[in-house]
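**Q** Next come a sequence and a model predicted from it.
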Amino acid sequence: MSKRDRALQCAKIAGYHEDRKTLTRLYIECRVNLHAMQAAFWAGQQAKKAGVKCGCYDCNKPQTA
């Protein structure tokens, strides 16, 4: 997976969690096209509205005893 693909995947997760601060950080650090970043962010928001389960580590980390 390229750095661009990883940044877009992170932007999608940020959209799922409504995290605009992370989106801004990704845009500045990774220098990916703004429209592509916004589209990924929007796709994450739409996935949440559609009831899709989040695939990020924080949401799926194993429960500790």
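**A** Okay, I see it.
**Q** Quick one: mean pLDDT over the lengthiest helix in the chain.
**A** As assigned by DSSP state H, the longest helix anywhere in the chain is helix 34-49. Mean pLDDT, computed over helix 34-49, is 95.
**Q** Next, the buried residues of it.
**A** Neighbour-count burial for helix 34-49, with 16 or more other C-beta atoms under 10 Å as criterion, is recorded at 37, 40-41, 44, 47. Where you see a C-beta, it was placed from the backbone N, CA and C, and this is true even at glycine.
**Q** burial of the residue nearest to Phe41 when sequence neighbours are not counted, as a residue count?
**A** Using C-beta to C-beta, 6 or more residues apart in numbering and skipping the chain neighbours, the partner closest in space to Phe41 is Gly15 (3.7 Å). Here the number of neighbours of Gly15 (other C-beta atoms under 10 Å) works out to 24.
**Q** same question, Asn33
**A** 11.
**Q** any idea how far Leu26 is from it?
**A** In this view, Asn33 and Leu26 are 12 Å apart by C-beta to C-beta, to the nearest Å.
**Q** how about the strands in the chain?
**A** Using DSSP state E, no strands are found in the chain.
**Q** quick one: contacts for His17?
**A** His17 is in contact with 44, 54, 56, counting by C-beta atoms under 8 Å, 6 or more residues apart in numbering.
**Q** would you turn those residues into JSON lines with distance to Arg4?
**A** Listed next are the contacts of His17 as JSON lines, based on distance: C-beta to C-beta, whole Å:
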{"residue": "Gly44", "distance to Arg4": "17"}
{"residue": "Cys54", "distance to Arg4": "22"}
{"residue": "Cys56", "distance to Arg4": "19"}
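**Q** just those residues now: which is nearest Ala7?
**A** Gly44 (13.0 Å; C-beta to C-beta).
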